[in-house]
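*Asks:* need coordinates for the below:
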Amino acid sequence: MVDRVAQRFDLKPRRLVGDTAYGTGPMLRWMIQEKGIEPHVPVWDKTERKDGTFSSSDFAWDEQANEYRCPQGHALRSDWRPFKNPRTQTP
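*Replies:* Down below sits the predicted model:
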């Protein structure tokens, strides 16, 4: 709709008001970075999961270890994962 209005009436909005359908990450990125529009929309909160996986609120911060822990107490790591078969690095 923004593109249609721009083409038809030569109008470019500085701000956009909308509902949560406009509050997704890709839509917000498009509005801000590609179109330069200031969004006034509620952000679509997808932190609470309904698919049986953990939500971000399920993880607890362990200050001493400087890491997040899942409800079973395992560390959340972003820089490594265990492999079934050992990996070797090639130069």
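*Asks:* tell me how far the top helix by length along the chain lies from the chain's centre.
*Replies:* Ordering each helix of the chain by length in residues (DSSP state H) puts helix 2-9 first. In terms of C-alpha atoms, centre = their mean, to the nearest Å, the centre of helix 2-9 is found 29 Å from the chain centre.
*Asks:* list of residues touching that helix?
*Replies:* Around helix 2-9, the neighbours that count as contacts under C-beta atoms under 8 Å, 6 or more residues apart in numbering are 11-13, 16, 35, 37. From N, CA and C alone the C-beta is placed, and that goes for glycine too.
*Asks:* starting from the next helix or strand after that helix, tell me which strands it pairs with and how they run.
*Replies:* The first helix or strand that comes after helix 2-9 along the chain, using DSSP states H and E, is strand 15-17. According to DSSP bridges, strand 15-17 forms sheet pairs with strand 38-40 (parallel).
*Asks:* quick check: buried residues in the partner strand?
*Replies:* Neighbour counts over strand 38-40 (16 or more other C-beta atoms under 10 Å) mark P39 as buried.
*Asks:* which SSE is Q64 in?
*Replies:* With DSSP H and E as criterion, Q64 is part of no helix or strand.
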